[in-house]
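A predicted structure for the sequence below; I have some questions about it.
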Amino acid sequence: MIDNKIKVLIVEDSAFMRKMLEEILSSDSRIKVVGVAKDGVDCMGKIKRFSPDVVTLDVEMPNMDGFATLEEIMKTNPIPVIMVSSLTKQGAQATLRALSLGCFDFVAKPSGFISLDIKSIGAELISKVIAAKDAHIYPMGVLAAQSPAPRAANAPIFTKRGKRDIIAIAASTGGPVALQQLFANLPENFPVPIVITQHMPKDFTASFAKRLDSISKLTVLEAEEGMDLKPGHAYIAPGGNHLLVRRRPNRAPYCTLSNAPPVLSVKPSANIMFLSIVDEFGGNATAVILTGMGRDGADGAVELRARGAYVIAESRETCVVYGMPRAAVEAGAVDELLPLTEIPDALLRSVKG
């Protein structure tokens, strides 16, 4: 009988945490824990021995820490790695570094005495392991080294013309790296503001905004209540709050934040952001849906496109997880499906009308 279960290797220096993670993952009939490792050296040997489909990886370990282990995995045998990091400022910085090194996704474990509340993240960890099984893992730098494919002379550029006063971007799993590549290729004088919903926990988005700002010619900020939206600037929805766009009496756009319940189990929600843009901008917008699990953004994109907005989705070939873009395509909400390397140029074309 063929065993189709997802094979997982747990890498964690705490014996208690190894046991808890093994109990969580083994509780799902689709997953099989094939081994545990106490550090990076142990991990590399057991990857060769067990050929896991997915690795869960701690950051702080003796002999060979999580970063060195992740780099070695991406260099020698790229497979999906889920970082299990603490829900702290230091944990956020470590997680963002791991994402930039090529990890698939992360789970933020609750802080506290030996993380006794680890079971509270069980459903999230299981869902990410299942999604990781079919992920496209790219060694660090592979996408960044790719050049956009030349556009055929007779290829359509935009079927909808018109003024685009704002760009709205939705992203989830794989999004941090995709956004870094996208923003590294946008000019300083980008003529309209950009708003972003990236699924991340509270306290992680501030660190991510700083990281994105450091590699971008644009100014990138974590959105705050009442913050004006300016050309050449990008604003990231803070974790734990929905980001909405509103206009002042003089029509100048600004951010407002909402503590409303999650939508489709996510907060911030791209759907809420997109629908606020429908209210304030109608079709004078371009929306982008990047890599991610689930279907957040699809419903809002349908409404935007119905009003005349231009909707771009990242194509399967560069997505880590072709979930959110596929949902938008299946909903009939997408005007143009592009690899990540072509999206910066498409954004510039869209705002030029």
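That came through fine.

Do I have it right that Ala252 meets Gly226?
No. In this structure, Ala252 is not within contact of Gly226 by C-beta atoms under 8 Å, at 11.5 Å. Every residue, glycine included, has its C-beta placed from N, CA and C.

Helix, strand or coil: sort out Asn250 for me.
On the three-state scheme (DSSP: H, G, I helix; E, B strand; the rest coil), Asn250 is labelled coil.

count of neighbours near it?
Neighbours of Asn250 under the rule other C-beta atoms under 10 Å: 5.

Distance of it relative to Ile236?
With the distance defined as C-beta to C-beta, to the nearest Å, Asn250 ends up 25 Å from Ile236.

Where does pLDDT dip in the stretch 151-300 of the chain?
Across the stretch 151-300 of the chain, the stretches falling below the confidence threshold (pLDDT under 70) are 151-162.

again, only this time at 80
Judged by pLDDT under 80, the stretch 151-300 of the chain has its weakly predicted residues at 151-163.

Need the contact partners of the helix or strand hosting Val84.
Assigning secondary structure by DSSP states H and E places Val84 in strand 81-86. Residues external to strand 81-86 that are found in contact with it (C-beta atoms under 8 Å, 6 or more residues apart in numbering): 12, 17, 21, 54-59, 66, 70, 73-74, 91-92, 94-95, 98-99, 102-109, 111, 125, 128-129, 132.

between the next helix or strand after that strand and strand 81-86, how big is the angle?
Proceeding C-terminally, strand 81-86 gives way to helix 89-100 as the next helix or strand, assigned by DSSP H and E. Angle between the axes of helix 89-100 and strand 81-86 is 170 degrees (criterion: axes from the mean of the first three to the mean of the last three C-alpha atoms, to 10 degrees).

Pull out the buried positions in helix 89-100.
For helix 89-100, burial by neighbour count (16 or more other C-beta atoms under 10 Å) applies to 91-99.

Could you list the paired strands of the helix or strand following it along with their orientation?
The first helix or strand that comes after helix 89-100 along the chain, using DSSP H and E, is strand 105-109. The strands beside strand 105-109 in its sheet (DSSP bridges) come out as strand 81-86 (parallel).

what residues are up against the residue lying closest to Ala328 once chain neighbours are set aside?
In space, Ala328 comes closest to Ala298 once its chain neighbours are excluded; the distance is 4.5 Å by C-beta to C-beta, 6 or more residues apart in numbering. Residues near Ala298 by C-beta under 8 Å, 6+ apart: 271, 289, 324, 327-328, 330-331, 333.

Go again with 6 Å.
Contacts were defined as C-beta atoms under 6 Å, 6 or more residues apart in numbering; by that measure Ala298 touches 327-328, 331, 333.

where along the stretch 1-150 of the chain do the strands fall?
For the stretch 1-150 of the chain, the strands identified by DSSP state E, counting those that start in this stretch occupy 6-11, 31-37, 54-58, 81-86, 105-109, in order along the chain.

Can I get the last one as CSV, trimmed to CA atoms?
C-alpha atoms of strand 105-109 as CSV (Å, rounded to 0.1, in the frame of the first residue of the first chain):
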residue,chain,number,x,y,z
ASP,A,105,6.4,30.2,5.9
PHE,A,106,6.5,30.6,9.6
VAL,A,107,4.4,30.0,12.7
ALA,A,108,4.7,32.4,15.6
LYS,A,109,4.6,30.3,18.8
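
Now do it against strand 54-58, angle only.
Compare the direction of strand 105-109 with that of strand 54-58 by the same axes, to 10 degrees and you get 40 degrees.

Also the longest one?
Angle between the axes of strand 31-37 and strand 54-58 is 50 degrees (criterion: the same axes, to 10 degrees).

Endpoints of stretch 219-237, how far apart?
Its first and final residues considered, stretch 219-237 spans 15 Å by C-alpha to C-alpha, to the nearest Å.
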